[in-house]
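Visitor: give me a 3D structure for the following:
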Amino acid sequence: MLEASNNNELLPIPDKRYFTIGEVSELCLVKPHVLRYWEQEFPQLKPVKRRGNRRYYQRDDVLVIREIRELLYDQGFTIGGARQQLEAEENAADPQAIQAIISELEGVLKILAH
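Guide: As a prediction, the model looks like this:
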């Protein structure tokens, strides 16, 4: 299996609900044992486990795996650095929500100033 140099070379994600570890391996160009390791290292990865501990990944999991792959393989992050980057992205606030809060606080300041 050839490693793609970036996520643009990865296959499109089919429109289905669940993917096996083999399918995700092909979609993300990452071997199954690496995916199992990443599950231990990245709390964002939580595939559904069914009979016999078989993993079933959802579309969001595939997108997270592709992002992890990008951070590790293309951007050169360490596992810890990639984990921190993903956590920072999760905790980043929505700019529109921040603007709404600022506007609301400015309104409160005007009321208090009078």
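
Visitor: for this structure, longest helix please?
Guide: Using DSSP state H, we find that the single longest helix of the chain is helix 95-113.

Visitor: quick one: contacts for the residue positioned nearest the centre of the chain?
Guide: With distances taken as C-alpha atoms, centre = their mean, the residue of the chain nearest its centroid is residue 64 (2.6 Å). Contacts for residue 64 (C-beta atoms under 8 Å, 6 or more residues apart in numbering) come out as 42, 44, 45, 86. In this view, the C-beta of every residue, glycine as well, is placed from N, C-alpha and C.

Visitor: OK, contacts around the last one?
Guide: By C-beta under 8 Å, 6+ apart, residue 86 lies in contact with 42, 44, 64, 67, 68, 71.

Visitor: helix, strand or coil: sort out it for me.
Guide: When classified by DSSP: H, G, I helix; E, B strand; the rest coil, residue 86 comes out as helix.

Visitor: quick one, what contacts residue 10?
Guide: 4, 27, 28, 29, 66.
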